[in-house]
Each structure stands twice: as C-alpha cells, then as structure tokens.
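Chemist: give me coordinates for this.
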Amino acid sequence: MKILLVGKNGQVGQALQQSLAALGHIVAVDRQRCDLGDPQTVLATLDAEQPDIIVNAAAYTDVDRAETEPELAMKINAHGPRLLAKEAEASGAMLIHYSTDYVFKGDKDAPYVETDSTAPQSSYGRSKLAGEEAVAQESSRYLLLRTSWVHSGIGKNFVKTILRLAQNQAALKVVADQIGAPTSAAMIAHVTADLISFCQKYAMAGLLPNQKIPYGCYHLTALGQTSWHAYACLILDLARQAGMVLKASPETVTPIPTAAYPLPAARPANSRLDTTKLRQAFGVSLDQWQDGVQQTIAQLAR
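Modeler: Model (predicted):
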C-alpha cells in the first residue's frame, strides 16, 4: 500500500509521518513539490507516485490573512482539494481530507453534528467549506475529517503563543466566551492511521453485499470542552509543573469577552464538534483534551 501525504511540514503533517509509517510505503511531500495552488505540481506528483491513498494535510490556515486574500485561500483550500479528489476518483485511490469547525456559524447551544447546516462567517471558513463540497462532489471514496483548536510542539498554535507571551508578560488577557476542544495533532494522526487500517482491513477481507466502507464526513476532536481562558490557565499550570520559568501564572490571566479582542476574521463562539458518529462507525478511542495538552507541554519542556 502506497500512501501519499500532502503537506508534510504542518502540525498534522509532521505527526502523520510518524503515525502512518507502519501502514505501508509513505511518500511525504511539501509545497515545493506539491503546491495545492499550482495544479501542474499536483498532477505531476500524482502521476509520478500513483498512490493507493492520498492524505491531504495541506491547507491555507491563516484565518485573519484570508480576509485580505480570499482568492488564494480558495485556491489552496478548495480548488486544490477538488483536483486531488478528481484524480483520486479516476485512479481508484482513497482520499482523506481535513476540515474545520469554521464551516459552522458557531451559535448553536450544543456540539455540532455532521448534518448540521453550515454557515461560515469568514473567508477561511468559506474556503474550507468549498473544499468539503468539492471533495464530496468529485470522490466516492473519501473521509472528510473536521477538527478544531489543533496544537502540537511545532508550528503556530495557541499553546506556543500562550507560553511565548507568558515568558515576557506577568499578566495576560484571554477570551472566555468561545468554547471548543483543544485537539492534539498527534491524536489526529493516530486516529487517521486507525481509520486507514479499518478501511484496508475491510477491503482485503471482502465485503458482504449489504456492507460498505463508511466513507463520508466525520468530526474528529478530543473529548470534553473548555474556553480559551481556561485552556490558557491549564497551559500555564502544566508548564509550571514541567519546570518552565514564566512570568505569568493561571492567577494572572484575566478573562475577557470576544468583543474586547477584535480580529479581522470572525471566530465561532461554539467550536464544539460531536464525535459520536466517528466513534460508532470506526470504534476509535479519543483522548480527553487535557491529556493532549499535557503531552504537548511535555514535548515543549524537553
């Protein structure tokens, strides 16, 4: 089995290189070789590699910058995935594609399920929704995994931002009226490997006439929920326990409303995603969000 990993240098991409290694021959490519904004590089990579499975971890993820360059966000997050899906369908490959809570408006009083109406409030969200629609239109063998609040020991993420600020500032102000589930890139990668193994096991064993691999859209986040403010407090507490020297502490983090911290792109007030469908369909286990944060802090403290 040959797996093509697109976007190897991002948070999820780097974690996937480790998790997918045991499943088969992995070809991991970066934007220099396979740029989702450049169709020719995408086609050349697919033609050269002829993968059985394509895992797309590449994306335009600068939420605020997307407000000023929506065309580029759309090119990378929608047009690129459409081409991947179209070529995967033509070759018989399976496609795994990641999306986001930003496809929803964020005003629901409960966690979002996969069938809830989408209503993105930002250019980034609209580009990711367009990518979802493109994948579903072009491919019949796909897993579309929505996730949120991703963190790891590399790249740009909330954990690293809070630690950087806490090294220089004794007091912090953090939004407290947005809720979600911090999700580690490592868990996303681990579950992705489990999903591939599940699908391959079914494919090799042969299916009964009334059985089929449960392709489609799923929510993949850690279990539980928190606010950005409570998340920041846990980060600082765990960092202190890990021996990091910081000026700020949980006691010096002030909760503020979203309105007090305006940004170019709108953020969902509710980023919670219901993972019941994923857990029931594939039998996967998901971590509590606090466990993933602790692992990321431990990685950064080494």
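Chemist: all the strands of the stretch 51-200 of the chain, in order from the start?
Modeler: For the stretch 51-200 of the chain, the strands defined by DSSP state E, counting those that start in this stretch occupy 53-56, 94-100, 142-147, 150-151, 172-175, 179-180, 183-184.
Chemist: so where's the stretch 201-302 of the chain shaky on pLDDT?
Modeler: Residues of the stretch 201-302 of the chain meeting the criterion pLDDT under 70: 204-211.
Chemist: mind listing the helices for it?
Modeler: For the stretch 201-302 of the chain, the helices defined by DSSP state H, counting those that start in this stretch occupy 228-241, 276-282, 289-301.
Chemist: list the buried residues of the longest one.
Modeler: The neighbour-count check on helix 228-241 (16 or more other CB atoms under 10 Å) flags 228-236, 238-240 as buried. Every residue, glycine included, has its C-beta placed from N, CA and C.
Chemist: how about CSV for the strands of the stretch 51-200 of the chain, with distance to T221 added?
Modeler: Shown next, in CSV, are the strands of the stretch 51-200 of the chain (distance: least, CB to CB, whole Å):
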stretch, distance to T221
strand 53-56, 18
strand 94-100, 11
strand 142-147, 6
strand 150-151, 9
strand 172-175, 19
strand 179-180, 8
strand 183-184, 5
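Chemist: which residues are in contact with the residue nearest to R82 when sequence neighbours are not counted?
Modeler: The shortest distance from R82 to any residue that is not its chain neighbour, by CB to CB, 6 or more residues apart in numbering, is 3.6 Å, and that residue is A134. A134 makes contact with 78-79, 81-82, 85, according to CB atoms under 8 Å, 6 or more residues apart in numbering.
Chemist: got the residues you listed as CSV, with pLDDT and neighbour count columns?
Modeler: As requested, the contacts of A134 are exported to CSV (pLDDT from 0 to 100; neighbours: other CB atoms under 10 Å):
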residue, pLDDT, neighbour count
A78, 99, 21
H79, 98, 19
P81, 99, 33
R82, 99, 19
A85, 98, 26
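Chemist: between those, which sits nearest P255?
Modeler: A78 (35.8 Å; CB to CB).
Chemist: quick check: closest non-adjacent residue to the closest one.
Modeler: A130 is the one closest to A78 (CB to CB, 6+ apart), at 3.6 Å.
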